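Novice: no FASTA, just this:
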């Protein structure tokens, strides 16, 4: 397979990784473009796993960018050292929190913590691979992710009652199917934020949209896709699954009866980490 075909196949995943780490569409695009330049110059005969190689390049470029733009003096960790092992179920639940709202707190993390947490808990990368990217040991990579989880837990939003969340998500899906502007307005917070993986977006569409007006306009344009949507439990919480498989999942964060943030998960690696029940 030629370079162009390989890179085109991986581009959306690379954009998803870069966006989740950097939180910026423009920066993610720049990083992926630079990765393409490096891939063109590389000796492909030495690259056994193009996805792993490209993910490593993109992640290291993200790290360099974070360190240049956000120089932070290292400070003593406020959290205790993690134990020998963490409850796997707890990690999965936290991954659900990150899926919906990681951008709320991820900017408070050091660049290595940010990379370790997102690559492992959001994309399921093994710690051995993360350690290689960060130039550290597997144990250190685990500690970085653990400390990052601790910070996320301390700032995590409170859960809402399942019945209330179910009502809000049901109302959102019904309004989306009908193209009902008033119905959407009723369930969306004025500053609602929608994030999404590139796999589900039109070429050039932003991975983050903010504000009720922008989200309503976009949702109306996706009315046809909404016809394939159904209510589902995603990691035990009310959400929406789209298509068979499914092809995408909408994970919501709700407060005071309004959708404050939701994430459209379409990257296959991220979808595989979600437990979805119809």
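Specialist: Good, I have the coordinates. Predicted, not measured: the structure shown is a model, and the values here were computed from it.

Novice: C-alpha only now, for contacts and for neighbours.
Specialist: Noted.

Novice: tally up the residues packed near residue 152, please.
Specialist: 21 (other Cα atoms under 10 Å).

Novice: show me what the helix or strand where it lies is packed up against.
Specialist: Residue 152 is part of helix 138-155, with elements assigned from DSSP states H and E. When contacts are defined as 3 or more Cα pairs under 8 Å, 6 or more residues apart in numbering; DSSP states H and E, helix 138-155 packs onto helix 88-105, helix 111-117, helix 127-134.

Novice: what mean pLDDT does it have?
Specialist: Per-residue pLDDT over helix 138-155 has a mean of 86.

Novice: if you count neighbours, what's buried in that helix?
Specialist: 138, 140-152 (16 or more other Cα atoms under 10 Å).

Novice: now render those as CSV, adding distance to residue 59.
Specialist: Listed next are those as CSV, based on distance: Cα to Cα, whole Å:
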residue, distance to residue 59
138, 17
140, 17
141, 14
142, 17
143, 18
144, 15
145, 15
146, 19
147, 19
148, 17
149, 19
150, 22
151, 21
152, 21
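
Novice: nearest to residue 112, of the residues you listed?
Specialist: residue 144 (6.9 Å; Cα to Cα).

Novice: residues near the closest residue to that closest one other than its chain neighbours, how many?
Specialist: Counting by Cα to Cα, 6 or more residues apart in numbering, residue 144 lies nearest to residue 113, which is 4.9 Å off, once chain neighbours are set aside. Residue 113: 22 surrounding residues under other Cα under 10 Å.

Novice: tell me who's in contact with residue 113.
Specialist: Applying Cα atoms under 8 Å, 6 or more residues apart in numbering to residue 113 gives the contacts 144-145, 147-148.

Novice: hmm, try it at 6 Å
Specialist: Residues in contact with residue 113 (Cα atoms under 6 Å, 6 or more residues apart in numbering) are 144-145, 148.

Novice: in terms of secondary structure, what does the strand or helix carrying residue 250 contact?
Specialist: Here residue 250 is covered by strand 248-255, with elements defined by DSSP H and E. Secondary-structure packing of strand 248-255 (3 or more Cα pairs under 6 Å, 6 or more residues apart in numbering; DSSP states H and E): strand 237-242, strand 258-265.

Novice: just to revisit the earlier point, ok and the helix holding residue 152 relative to helix 127-134, angle-wise?
Specialist: Inter-element angle recorded for helix 138-155 and helix 127-134: 90 degrees (by axes from the mean of the first three to the mean of the last three Cα atoms, to 10 degrees).

Novice: got a list of contacts for helix 138-155?
Specialist: Contacts of helix 138-155 (Cα under 6 Å, 6+ apart): 113, 116-117, 127-128, 131.

Novice: most neighbours, which of the residues you listed?
Specialist: Of those, with other Cα under 10 Å as the count, residue 117 tops at 31 neighbours.

Novice: which residue is the nearest non-sequential neighbour of that one?
Specialist: residue 145 (4.6 Å).

Novice: next one: the one you found from residue 152, what distance?
Specialist: Using Cα to Cα, to the nearest Å, residue 145 is found at 10 Å from residue 152.

Novice: mind telling me which of the helices and strands packed on helix 138-155 the model trusts least?
Specialist: Among those, helix 88-105 carries the lowest mean pLDDT (a mean of 47).

Novice: now do the SS call for residue 192.
Specialist: strand (DSSP: H, G, I helix; E, B strand; the rest coil).

Novice: what's the local residue count around the residue nearest to it when sequence neighbours are not counted?
Specialist: Nearest residue to residue 192 in three dimensions, chain neighbours excluded: residue 260, at 4.6 Å (Cα to Cα, 6+ apart). Neighbour count for residue 260, taken as other Cα under 10 Å: 23.

Novice: could I get the contacts of helix 138-155 in CSV, plus columns for distance to residue 24?
Specialist: Output for these, formatted as CSV (distance: Cα to Cα, whole Å):
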residue, distance to residue 24
113, 18
116, 18
117, 17
127, 25
128, 27
131, 24
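
Novice: closest to residue 49 among these?
Specialist: residue 128 (15.2 Å).
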